[in-house]
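My questions concern the predicted model and sequence given below.
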Amino acid sequence: MAAVIQTKIHQNPIKIFHGSSRSLTNQSRAPSRIMCAAASPAKKRFNIALLPGDGIGPEVISVAKNVLQLAGSLEGLEFNFQEMPVGGAALDLVGVPMPEDTFSVAKNSDAILLGAIGGYKWDKNEKHLRPEMALFYLRRDLKVFANLRPATVLPQLVDASSLKREIAEGVDMMIVRELTGGIYFGEPRGIKISENGEEVGISTEIYAAHEIDRIARVAFETARKRRGKLCSVDKANVLDASILWRKRVTALASEYPDVELSHMYVDNAAMQLIRDPKQFDTIVTNNIFGDILSDEASMITGSIGMLPSASLGASGPGLFEPIHGSAPDIAGQDKANPLATILSAAMLLKYGLGEEKAAKRIEDAVLDALNKGFRTGDIYSPGNKLVGCKEMGEEVLKSVDSKVAATV
Ligand SMILES: NC(=O)C1=CN([C@@H]2O[C@H](COP(=O)(O)OP(=O)(O)OC[C@H]3O[C@@H](n4cnc5c(N)ncnc54)[C@H](O)[C@@H]3O)[C@@H](O)[C@H]2O)C=CC1
Ligand SMILES: CC(C)CC(=O)C(=O)O
Ligand SMILES: [Mg+2]
């Protein structure tokens, strides 16, 4: 399986991102891309786990699946989609947010495309029975520690940005968020009773050196392939976990002399993103800061409905999902912007399967649909054509179909 990002440990280049090792036609631990001997032209086959989830999740996944299928077929790829319940949908069906069957299908796939999880209906559930726990179990158990969240202002959407044109135009950054550590996973945690009988809520921000080093390496490698600038965002003036974070990131910098490293406190970073977002190329940060800063960065691009993500580990399938949640306020109304999920499908092809040509087909098709003026409500500006989730999906599909083979 083609790796997408490489890192060096002790000067030995190793591949760190792979698809899983199972395939439709070969269930052993053999290479996941199988050339089909009888068919002509030869097809590569992949197992894709689809986890639609809740709220707008099923709406955006249904659209993205069609786009993925068409773009793949035009590049000789065949997908076996297996759709499984997760989050609230799974709670309603079998009483747990992450059924074993769902995890097993996901783990044994070549890549996972997830919609979103959560909703009002389950908000009062005990914590272990909240839909969102499924996300944490998936990320933790798949060991997908590196979450890539690209925030790019497309020329077509400059006017949809929350920022002034001159500030937003040309923004192109990659947020590398640590995804399996920090305060979302740290122990001790929970709601306990203190010595004086009062309830106390505890969450622990904790990072081990190896967790910082591996995400920092991904970030240095990412920056190296971009504009060579890496900004590490922390709160090292206050938090011990951040003090260690800064120390480890700084220590690694000597291995990447071609990357210009800077550090910024997260409160300043939140402000600088709005003041002058073009100063950022690659950002590396912890789990919670990356969660928050990427939602903020999405609005520079026009909408949270535009930002895709890839979550990758050292081995096994990658997890690909929009950065947004289940948007219960617009669920079931055909109002969701499916482009973040469609672009997540492009990241699945590129980072998960190493299929850059098919990925480029999707990226080009999204630009084409935007060039033709199609806009969901969240990115609408006067003079464009307001469409719903389904119609936007159909327009992207038409654009995928009309394109000649893309070159990488
Ligand atoms: N990865 C995931 O599955 C995530 C799940 N959640 C869960 O989602 C639920 C809702 O959370 P919120 O805080 O409201 O965040 P959210 O991201 O679901 O929605 C925030 C706002 O953005 C809008 N929005 C989101 N995605 C959109 C899209 N594709 N097109 C157009 N508008 C869009 C929504 O309508 C809403 O007004 C909660 O249960 C939360 O826990 C939240 C974030 C991530
Ligand atoms: C359940 C949330 C922590 C998920 C989220 O907001 C995210 O990963 O962006
Ligand atoms: Mg988030």
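Looks like it arrived, so ask away. Numbering: from 1, shown residues only. Ligands and ions are numbered 1, 2, ... in the order given.

near ligand 1, anything from stretch 345-353?
No - in terms of C-beta under 6 Å from any ligand atom, no part of stretch 345-353 sits within range of ligand 1; the closest distance is 13.9 Å. Any C-beta I mention is one placed from the backbone N, CA and C, and that applies to glycine too.

Pull out the buried positions in that stretch.
By neighbour count with 16 or more other C-beta atoms under 10 Å, stretch 345-353 contains the buried residues 345-353.

Show only the entries of these found in helices.
345-347 (DSSP state H).

did I read that right, G201 in a helix?
No - counting by DSSP: H, G, I helix; E, B strand; the rest coil, G201 is not part of a helix but strand.

residue contacts, the residue in the stretch 251-400 of the chain that ligand 2 sits nearest to?
As assessed by C-beta to the nearest ligand atom, ligand 2 sits closest to D291 within the stretch 251-400 of the chain, at 4.6 Å. Contacts for D291 (C-beta atoms under 8 Å, 6 or more residues apart in numbering) come out as R177.

could you say which helix or strand contains it?
D291 is part of helix 287-300, with elements assigned from DSSP states H and E.

Report the backbone C-alpha coordinates of that helix in CSV.
Output of helix 287-300 as CSV, limited to C-alpha atoms (Å, rounded to 0.1, in the frame of the first residue of the first chain):
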residue,chain,number,x,y,z
ASN,A,287,-6.2,17.6,20.8
ILE,A,288,-8.4,20.2,22.3
PHE,A,289,-6.7,23.3,20.9
GLY,A,290,-6.8,21.7,17.4
ASP,A,291,-10.5,20.9,17.8
ILE,A,292,-11.3,24.6,18.6
LEU,A,293,-8.8,26.3,16.3
SER,A,294,-10.0,24.2,13.3
ASP,A,295,-13.6,25.2,13.8
GLU,A,296,-12.4,28.8,14.0
ALA,A,297,-10.3,28.4,10.8
SER,A,298,-13.3,26.9,9.0
MET,A,299,-15.1,30.2,9.0
ILE,A,300,-12.2,31.9,7.3
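
is any part of the helix or strand that that helix is followed by close to ligand 2?
The C-terminal neighbour of helix 287-300 among helices and strands, as given by DSSP H and E, is strand 310-312. No - using C-beta under 6 Å from any ligand atom, strand 310-312 never reaches ligand 2; the gap is at least 8.8 Å.

buried ones in strand 310-312?
Across strand 310-312, burial judged by 16+ other C-beta under 10 Å covers 310-312.

Summarise which helices and strands that strand is packed against.
Where contact means 3 or more C-beta pairs under 8 Å, 6 or more residues apart in numbering; DSSP states H and E, strand 310-312 is packed against strand 146-152, strand 318-320.

Just name the most buried of those strands.
Of those, the one with the most neighbours on average (mean count of other C-beta atoms under 10 Å) is strand 318-320, at a mean of 28.

middle-most residue in this protein, spatially?
Nearest to the centroid of the C-alpha atoms of the chain, with distances taken as C-alpha atoms, centre = their mean, sits S309, at 1.7 Å.

give the contact list for the closest residue to that residue other than its chain neighbours.
Leaving aside its chain neighbours, S309 sits nearest to R149 (4.8 Å; criterion: C-beta to C-beta, 6 or more residues apart in numbering). For R149, the contact set (C-beta under 8 Å, 6+ apart) comprises 174-177, 290, 294, 297, 307-309, 323.

Format those as TSV; extra columns: pLDDT.
Shown next, in TSV, are the contacts of R149 (pLDDT from 0 to 100):
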residue	pLDDT
M174	98
I175	99
V176	99
R177	99
G290	98
S294	98
A297	98
L307	98
P308	98
S309	98
I323	98
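
among the residues you listed, who's most crowded?
With neighbours taken as other C-beta atoms under 10 Å, the top of the contacts of R149 is I175, carrying 30 neighbours.

Quick check: the gap between the spatially closest residue to that residue that is not a sequence neighbour and ligand 2.
Sequence neighbours aside, R149 is the residue nearest to I175 in space, at 4.3 Å (criterion: C-beta to C-beta, 6+ apart). Going from R149 to ligand 2 by C-beta to the nearest ligand atom, to the nearest Å gives 8 Å.

Could you check how far R149 is from G95?
Counting by C-beta to C-beta, to the nearest Å, the separation of R149 from G95 is 32 Å.

Could you pull out the helices in the stretch 201-350 of the chain for me?
For the stretch 201-350 of the chain, the helices defined by DSSP state H, counting those that start in this stretch occupy 209-225, 240-252, 266-275, 287-300, 339-347.

tilt between the last one and helix 287-300?
Our comparison of helix 339-347 with helix 287-300, counting by axes from the mean of the first three to the mean of the last three C-alpha atoms, to 10 degrees, yields an angle of 110 degrees.

now check helix 339-347, is it near ligand 2?
No - Helix 339-347 is not in contact with ligand 2 by C-beta under 6 Å from any ligand atom; minimum separation 11.4 Å.

Need the contact partners of the helix or strand that that helix is followed by.
As assigned by DSSP H and E, the chain's next helix or strand after helix 339-347 is helix 356-371. The contact list for helix 356-371 (C-beta under 8 Å, 6+ apart) reads 67-68, 71-72, 74-75, 77, 154, 156-157, 339, 342-343, 345-347, 349-350, 392, 395-400, 402-403, 405-408.

Helix 356-371: what's the following helix or strand?
strand 374-375.

who does the next helix or strand after that following strand pair up with?
Proceeding N to C from strand 374-375, the next assigned helix or strand is strand 385-386, under DSSP H and E. Using DSSP bridges, the strands paired with strand 385-386 are strand 374-375 (parallel).

near ligand 1 at all, the partner strand?
No - against ligand 1, strand 374-375 shows no contacts by C-beta under 6 Å from any ligand atom, the least distance being 11.1 Å.

Quick one: residues in contact with that strand.
Residues outside strand 374-375 that contact it (C-beta under 8 Å, 6+ apart): 160, 381, 384-387, 391-392, 395.

Highest neighbour count among those residues?
Of these, with other C-beta under 10 Å as the count, M392 tops at 27 neighbours.
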